[in-house]
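Student: Fold the stuff below for me.
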Amino acid sequence: MLVRTDDEVYRVDAVWLGPPRATFPWRARYVSYGLGLAVMVVIMFAQRRLGISLDFFSVAWSLLLTIVITRFLGKRVNYDRPLGQIVALFRHEVTGPRAATAARGGPVRTGRVRVRSSVPRSTRSGASPATASRGAPKRRARTQVLPARTPRTRTPRTQTSQAPTPQAPTPRLQPVRTVADHVNGSRGGPA
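Tutor: Sure thing, here's the model as predicted:
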């Protein structure tokens, strides 16, 4: 047994052909006339906002653009998908939640990283230096100015009555803390 569907009924659109004995040379559904009127109003409003004057050519171009847009939208409107559903779908697409695409953070800058010439001292309570200094008032780190090293030259030993002058021990140089050490949590000591 062959069951006929009701698709043929919906293929007959609600079409207005024009007044009696003066039919239009085109076929357009009722919804297309309403949609075309709304599109024409929007286009004319946009023309006035852009500063285009109201003359013959501006009206002709807006009418031509209205026909193109109405035909484009009319192909998407049918009995399965009415105009109200397309408008609601567009509204939901525009106002729907979106995934965050902006990256958090940014480039690493060295402007706020303090570089010390010595390793920070640990606290007696066993806490790390970073957590121990949070409550303390911030002070500028003292930088230690080291004297320039002069190369030692060997002098021949001679019998003199003067005692040799003792030389001050050379201070041990501390490693400089870099940005990578700061980010990785290293204290800047030997590996």
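Student: Flag every buried residue along the helix or strand that contains R91.
Tutor: Taking DSSP states H and E as the definition, one finds R91 inside helix 83-95. Within helix 83-95, the residues that qualify as buried are L83, counting by 16 or more other CB atoms under 10 Å. C-betas here are computed from N, CA, C, even on glycine.
Student: Would you mind identifying the next helix or strand past the longest helix that the chain contains?
Tutor: Longest helix in the chain, counting residues (DSSP state H): helix 30-50. Note on helix 30-50: by DSSP H and E, the next helix or strand toward the C-terminus is helix 56-74.
Student: Of all the residues in that next one, which ones are buried?
Tutor: Applying 16+ other CB under 10 Å to helix 56-74 flags S62, T66, I67, I69, T70, L73, G74 as buried.
Student: ok, now how distant is the fourth one from T95?
Tutor: Going back to what we said before, that points to I69. I69 is 23 Å from T95, where distance means CB to CB, to the nearest Å.
Student: Out of the helices and strands in the protein, which is least certain?
Tutor: Between all helices and strands in the chain, the lowest mean by mean pLDDT, DSSP states H and E belongs to helix 129-132, at a mean of 52.
Student: ok, back up a step: can you list the residues that contact the longest helix of the chain?
Tutor: Helix 30-50 is contacted by residues 14-16, 28, 54, 58-59, 62-63, 65-67, 69-70, 73-74, 77, 82-83 when judged by CB atoms under 8 Å, 6 or more residues apart in numbering.
Student: so how far does stretch 15-31 reach from one end to the other?
Tutor: 9 Å (CA to CA, to the nearest Å).
Student: In that stretch, which residues are buried?
Tutor: For stretch 15-31, by 16+ other CB under 10 Å, it's A28, V31.
Student: in this protein, which segments are predicted with low confidence?
Tutor: Residues of the chain meeting the criterion pLDDT under 70: 1, 7-13, 120, 122-166, 168-191.
Student: please redo it, this time with the cut-off set to 80
Tutor: Along the chain, segments meeting pLDDT under 80 span 1-19, 23-27, 78-79, 100, 102-191.
Student: No more questions from me, cheers.
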